[in-house]
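Visitor: take a look and give me a structure for this.
(one chain, ligands or ions: 2)
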Amino acid sequence: MAQPHASFVCQNCGAISQRWQGRCDACGGWNTIAEESASSGIGARATQGARKGRIFGLSSLIEKDHKAAPRITTGIAELDRVTGGGFVPGSVILLGGEPGIGKSTLVIQACAALAASGRRAVYISGEEAVDQVRLRAQRLGLAAAPVELAAETGVEDIVATLSHGKRPSLVVIDSIQTMWTELIESTPGTVGQVRGAAQALIRFAKTTGATVILVGHVTKDGQIAGPRVVEHMVDAVVSFEGEGGRNFRILRAVKNRFGPTDEIGVFEMTGRGLAEVANPSALFLSSRDATAPGAAVFAGMEGTRPLLVEIQALVAPSPLGTPRRAVVGWDNARLAMILAVLEAHAGVKLGPYDIYLNVAGGLRIGEPAADLAAAAALVSSLSGLSLAADSVFFGEIALSGAIRPVAHGLARLKEAAKLGFCRATIPQGPTENGEAAVRDLAVRSCAHISSLVAAIAAPDGLPEKAAMPAKRG
Ligand code: TYD
Ligand code: MG
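Guide: Ligands and ions are numbered 1, 2, ... in the order given. Coordinates of the predicted model:
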């Protein structure tokens, strides 16, 4: 038999190199390459003794009397929303997040919710002892829920144990980095082990119909270290994010074979675990200083849900030859575009200023619909004129300076009206002809960026402030 030769696998990105080296060519990580035996990987058996193929039956895509198993809802609305309406039986979800963000808290709460509704929920911890998990559950007020617990790391033992008795509805593996399989010779935590353990657990989910959640730690730059290599194997990848020092957490679907990927769930970490935030707009707008220049409220959408957030801009004369441009929570290139359009089509000269743009609350906005709010914040900061505290903005800005309509206009306006806003500056289009639901909202439509600038300089309904002051600096 040929000598099994070793391969060198990057533990960060999974790239294989022919020899050991200090730095991975693929991801640039230092000291991430470890030796793994080539004969121990998945598929190694294939070369060790060929077996004749088994003949299996094919089924039709159009199956008439097929009844899909119903989704399992936890009753935690924010979690059910992100999974696309509950867990799909037999699916595997990878839950990623930085250490300490609250992954274990979220999954134990999900287990307890399911167990309380009479389903079998099993929580396997590879990081904490059973007593520690129990203590946490007690603190969360969940000690009465009949969740089954174990502190185990051997995947074969876990699968054998779970295959006994009533089929579990939910199995949580906390975390996948601590699991190891006997089939692979490398040490626990290596890419090979993580991949092998995940594969065994995925097979268990598919054959039994249990939903499996794999918890994975991510590194500071947002990569799911090690478990990144299992992202393509699982049905859904959900990331749990939060801003340092802030108590709210955002659960976001990154990949979902059974639902949308643009939904978010918002939670608040309290002394008694994660609490759902049913009205995130109110949270993101709380403690805002509405009278300061440079702040505009954007009526955005996250998936199917409208969400109001504040966009803050600071425009200040720059002491530098090349003024600074810094953006948090939005796209750098998008800011550069808005600045160019303001300059070219509205005569707003921003060239010599340092410009900072921030999306309040640590949220990330990906929608072009935020253009109008960002432009309003920039003009407001430059002119020193604050925007009306009760107004919202949305609309996409084209390179020509035209303001384009965006999707879900009505939903955005309704959310604004619900939260007590009285004015909206929006693109021209069908939405502007206010419907009954947004009767209380004074809608001003702008066709061009120059009319936005004019509107900020002379806001309607308010005593006109002195003409736009000479630019500072
Ligand atoms: P945890 O769920 O252990 O995080 P992860 O599994 O992602 O590493 O949460 C740890 C943090 O959450 C810890 O810093 C304390 C905080 N926490 C609360 O504020 N309230 C609570 O009720 C719990 C259980 C944790
Ligand atoms: Mg944990």
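Visitor: mind naming the longest strand for this protein?
Guide: strand 305-317 (DSSP state E).
Visitor: what are the pairing partners of that strand, and which direction each?
Guide: Strand 305-317 pairs in its sheet with strand 295-302 (antiparallel), strand 353-359 (antiparallel), by DSSP bridges.
Visitor: ranking those by burial, who's on top?
Guide: Among the strands paired with strand 305-317, strand 295-302 has the highest mean neighbour count (mean count of other C-beta atoms under 10 Å), at a mean of 26. For glycine as for every other residue, the C-beta is placed from the backbone atoms N, C-alpha and C.
Visitor: okay, the residue in the stretch 301-450 of the chain positioned nearest to ligand 1 and Gly303: tell me how far apart.
Guide: Nearest residue of the stretch 301-450 of the chain to ligand 1: Gly362, at 16.6 Å (C-beta to the nearest ligand atom). Distance, Gly362 to Gly303, using C-beta to C-beta, to the nearest Å: 18 Å.
Visitor: how far away is Leu162 from Val171?
Guide: 6 Å.
Visitor: which residue ranges form the strands in the stretch 1-150 of the chain?
Guide: 6-10, 16-17, 33-37, 92-97, 121-125, 148-151 (DSSP state E, counting those that start in this stretch).
Visitor: got these as CSV, with distance to ligand 1 columns?
Guide: Putting the strands of the stretch 1-150 of the chain into CSV (distance: least, C-beta to the nearest ligand atom, whole Å) gives the following:
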stretch, distance to ligand 1
strand 6-10, 24
strand 16-17, 30
strand 33-37, 24
strand 92-97, 5
strand 121-125, 10
strand 148-151, 15
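Visitor: which stretch in these has the least confidence?
Guide: Among those, strand 33-37 carries the lowest mean pLDDT, a mean of 79.
Visitor: in its sheet, what does that one sit against?
Guide: strand 6-10 (antiparallel).
Visitor: got the CA coordinates for the strand it pairs with in CSV?
Guide: C-alpha atoms of strand 6-10 as CSV (Å, rounded to 0.1, in the frame of the first residue of the first chain):
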residue,chain,number,x,y,z
ALA,A,6,0.4,14.3,4.7
SER,A,7,-1.2,17.5,3.5
PHE,A,8,-1.0,20.9,5.0
VAL,A,9,-4.3,22.6,5.6
CYS,A,10,-4.9,26.2,6.6
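Visitor: so how far is that strand off the chain centroid?
Guide: For strand 6-10, the distance from its own C-alpha centre to the chain's C-alpha centre is 32 Å (C-alpha atoms, centre = their mean, to the nearest Å).
Visitor: now swap in stretch 294-313 and tell me
Guide: Distance, stretch centre to chain centre, for stretch 294-313: 16 Å (C-alpha atoms, centre = their mean).
Visitor: then stretch 357-368?
Guide: For stretch 357-368, the distance to the chain centre is 13 Å (C-alpha atoms, centre = their mean).
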